[in-house]
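Visitor: requesting a structural model of the entry that follows:
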Amino acid sequence: MTPPPPPAAPLRADCIGDSAGGLTFDVAARGNAGAALLILRRRATDALDGTGETVSLPLAPAAEGRLRAALPSSVSLPEGRWDAYALLSGGEPRRLVPGVTDLRSLAERTPSGLLGHVAVRIPYATRQGNLTVRSWLRAPHAEAVELRLVSGGLTVRGRVYGTQLVPGADAELRARPGGEEGGAGDGVRRVRLMAERTEFVFTVPYDGLAPGVWDLWLRPAGDAGPVVRLARLLDDVADKNPVLTFPRARVRTPHGPVEAGPYYTRDNDLSLAVSPLDA
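Guide: Purely as a prediction, here's the structure:
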């Protein structure tokens, strides 16, 4: 009985980011003699309609045994997680694994915001070791630039893109529904902010918050305009949660003693966790 052929070696792709937010993929593919594509497939769980989506980029010879594809910032990539494949001539799409990744230009990037949105793409290795691109597309966007812990609260300094801050702009804390009995519930809290052009700063006192999870939003135009989710996107870290951690403060509230602190969600949005403590 003839043994099955050994599995094909994984294809590696080096990724380089540019200052405009685009990505270049260099795939090691010796012996490929025909047309080839780099395929990005959005996971169905990230699509509003529950269906996947595909973006195909031509892979052109760049050097001996290497093929190159470019994903410029001008190509739309809706928000979500996009798994990367290579389709070589005469074959089936093969999952890519990350090679050398250079994202230094992404960490130094400051978008102009003139297009009315911010597009961010960060390649990363999944838990299985495969290559995936995390994409964000925010219009407008409120970037959390710095978090500073103060006595009994949190000061947030940030910048808006694709919009302006007007008199009456403020921050908004929204309690997630489905919290604990007697917890945050469906509450909303407004916090005044100081603004200068596109930059803002505000402080959240913990002692006014009920137990639960509070998501942070910005109202750049006050009650008259959109509500924008606060997030940290403009760097080279695809998942902030395990990397950026913050101490929690113990404060007394009308609901009893709590422990509170900021964290970044799975989508790198900024939230506050407030947990009850035994009196």
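
Visitor: any idea how far the residue lying closest to residue 241 once chain neighbours are set aside is from residue 270?
Guide: Spatially, and ignoring its direct neighbours in sequence, residue 241 is nearest to residue 264 (5.2 Å; CB to CB, 6 or more residues apart in numbering). Just so you know, the C-beta spots here come from the backbone N, C-alpha and C atoms, and that holds for glycine as well. As judged by CB to CB, to the nearest Å, residue 264 and residue 270 stand 6 Å apart.

Visitor: what residues are shared contacts of these two?
Guide: Overlap of the contact sets of residue 264 and residue 270 (by CB atoms under 8 Å, 6 or more residues apart in numbering) consists of 231-232.

Visitor: three-state assignment of residue 148?
Guide: Classification of residue 148 by DSSP: H, G, I helix; E, B strand; the rest coil places it in strand.

Visitor: tell me, how many residues neighbour the closest residue to it other than its chain neighbours?
Guide: Of all residues not flanking residue 148 in the chain, residue 155 sits nearest, at 4.4 Å (CB to CB, 6+ apart). Counted with other CB atoms under 10 Å, residues neighbouring residue 155 total 13.

Visitor: now what about the helix or strand hosting residue 155, what contacts it?
Guide: Assessed by DSSP states H and E, residue 155 sits inside strand 153-161. Identification of contacts with strand 153-161 by CB under 8 Å, 6+ apart yields 111-113, 117-118, 138, 140-149, 171, 198-207, 216, 218, 220, 228, 230, 249, 261-262, 270, 272.

Visitor: among the residues you listed, name the buried ones.
Guide: 111, 113, 118, 138, 140-144, 147, 171, 198, 200-206, 216, 218, 220, 228, 230, 249, 261-262, 270, 272 (16 or more other CB atoms under 10 Å).

Visitor: any regions of the chain where pLDDT drops low?
Guide: 1-9, 31-33, 47-51, 113-116, 178-186, 279 (pLDDT under 70).

Visitor: okay, helices next: where are they in it?
Guide: 104-107 (DSSP state H).

Visitor: before we move on, the earlier item: against residue 238, how distant is the residue nearest to residue 241?
Guide: Separation of residue 264 from residue 238 (CB to CB): 11 Å.
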